[in-house]
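**Q** okay, predicted coordinates and the sequence, questions at the end:
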Amino acid sequence: MNALLLLQHILDQSIIYVTTCWSLPWAATVCQPLWNWVATGSMLTGALILLRTTWKVVDYMLKYQAALRAEAYRQQIAPGEEMKKLRWEGDASVLQTPPDADGAARIRDELDRRKLQEHAMVPPGPKT
């Protein structure tokens, strides 16, 4: 319990010190240690932010350069038109809308016919 009281006393004194220094002129001798810590902390925080920003910009530039090199290498291997022929389109060709209503009707009719055919199939039973 004594440790908690001591910690509370230190915290109270620190709050009083900071509020007193806040109201005194900036160049007051008594407050120089506080302002030194505040200035040092501010400079370190700014330096860390600047370092992280610089790191992100450099990282982005390196990735961008790698992407440009990869694209140049792809262009050396095969020109753009040839790559379009070789590129997998995925399900895009399947998901495209039919060019006309007649094609859509034929597809629907075929699907309906297959569904009916599936339902009409009777599994083979035991031979008697």
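**A** Happy to help now that I have it.
**Q** burial count for Trp35?
**A** Trp35 has 13 neighbouring residues, counting by other C-beta atoms under 10 Å. Backbone N, C-alpha and C define where each C-beta goes, glycine included.
**Q** so it touches Trp26, yeah?
**A** Yes: counting by C-beta atoms under 8 Å, Trp35 touches Trp26, with 6.8 Å between them.
**Q** could you report the neighbour count for Cys21?
**A** 18.
**Q** pull the contacting residues for it.
**A** 28, 30-31, 34-35 (C-beta atoms under 8 Å, 6 or more residues apart in numbering).
**Q** tell me which element it is part of?
**A** helix 2-23 (DSSP states H and E).
**Q** what packs against the host helix or strand of Lys63?
**A** Using DSSP H and E, Lys63 maps to helix 32-77. Applying 3 or more C-beta pairs under 8 Å, 6 or more residues apart in numbering; DSSP states H and E, we find helix 32-77 packed against helix 2-23.
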